[in-house]
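Asks: sequence first, predicted coordinates after that:
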Amino acid sequence: MPKGIYKPNAQLLEILKQQEQSEFTVTDIRDVVVTCIDKKTDMSDARRWVNGQFKTLVKHEFLSVASKSGIRTTFKNTDKIFNDVGLVESSHTESKVLTKNQLKILELRLREYKFEMLISSAEIKEFEDLSKLWPDQRDHLQSKFNTSKEKNIEFLGRVSAIESLIADNI
């Protein structure tokens with residue numbers, strides 16, 4: 001991501017704009033956010049997400065701390081939150097289209113990561129089979145299994161990122 005460019009979450013931004021110039025707490029906004037998302041989301045996860053968003057919004061001067069009293073902090077929107085100039089993406093300076101060389105590099109990396117995913121998937125399967133074969137080695141094999149699984153998840157993320165970049169250029 002380019003440094004210095006921050007674009008707030010659009011849904012959260014709309015919720016904050018509805019507050020206008022009144023003071024509000026993180027909890028107030030979290031309760032509104034929870035009503036907008038699916039029922040599966042944990043309240044603690046929503047609270048952590050909103051807290052993180054608030055810290056970033058204060059840092060980028062979209063919100064200001066109105067008052068701190070004990071454990072409650074109230075916030076207030078700044079003019080920047082209503083000013084769309086701070087939110088405009090610089091699409092005219094950034095090109096979405098990748099060159100043929102860049103696409104070729106991405107395709108090579110994609111192939112490499114998919115190959116690595118196959119290897120780590122086979123490792124995972126083998127560690128599962130070995131732990132069934134030798135239950136007394138399960139603890140030792142479990143740590144190897146976990147390492148292979150983490151590696152597989154990392155490659156899956158890399159593959160997903162590259163595939164989305166390639167899809168943007170089709």
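Replies: Great, that's in hand. Residues are numbered from 1 along each chain as shown.

Asks: distance check, M117 against R158.
Replies: Per C-beta to C-beta, to the nearest Å, M117 is found 9 Å from R158. All C-beta spots, glycine's among them, are computed from the backbone N, C-alpha and C.

Asks: the helix or strand of the chain with the lowest mean pLDDT - contacts with which helices or strands?
Replies: When the helices and strands of the chain are scored by mean pLDDT, DSSP states H and E, helix 26-36 comes last with a mean of 79. For helix 26-36, the helices and strands in contact under the criterion 3 or more C-beta pairs under 8 Å, 6 or more residues apart in numbering; DSSP states H and E are helix 10-18, helix 43-59.

Asks: between those, which one is closest to K125.
Replies: Nearest to K125, of all the helices and strands packed on helix 26-36, is helix 43-59, at 31.4 Å by C-beta to C-beta.

Asks: so which elements touch the helix or strand where S164 lies?
Replies: Counting by DSSP states H and E, the element that carries S164 is helix 138-168. Contacts defined by 3+ C-beta pairs under 8 Å, 6+ apart place helix 138-168 against helix 100-133.

Asks: for the helix it packs on, which positions count as buried?
Replies: Buried residues in helix 100-133, counted by 16 or more other C-beta atoms under 10 Å: L106, L110, Y113, E116, M117, S120, S121, E123, I124, F127, L130, S131.

Asks: how about E61, secondary structure?
Replies: Assigned with DSSP: H, G, I helix; E, B strand; the rest coil, E61 falls in the coil class.

Asks: contacts only, for it.
Replies: Taking C-beta atoms under 8 Å, 6 or more residues apart in numbering, we find E61 in contact with T78, K80.

Asks: need the pLDDT of it.
Replies: As predicted, E61 sits at a pLDDT of 86.

Asks: give me phi/psi at it?
Replies: Per-residue torsions, E61: phi 60, psi 30 (degrees, to the nearest 10).

Asks: not counting sequence-adjacent ones, nearest residue to Q53?
Replies: In this structure, Q53 finds its nearest non-sequential neighbour in L12, 5.7 Å apart by C-beta to C-beta, 6 or more residues apart in numbering.
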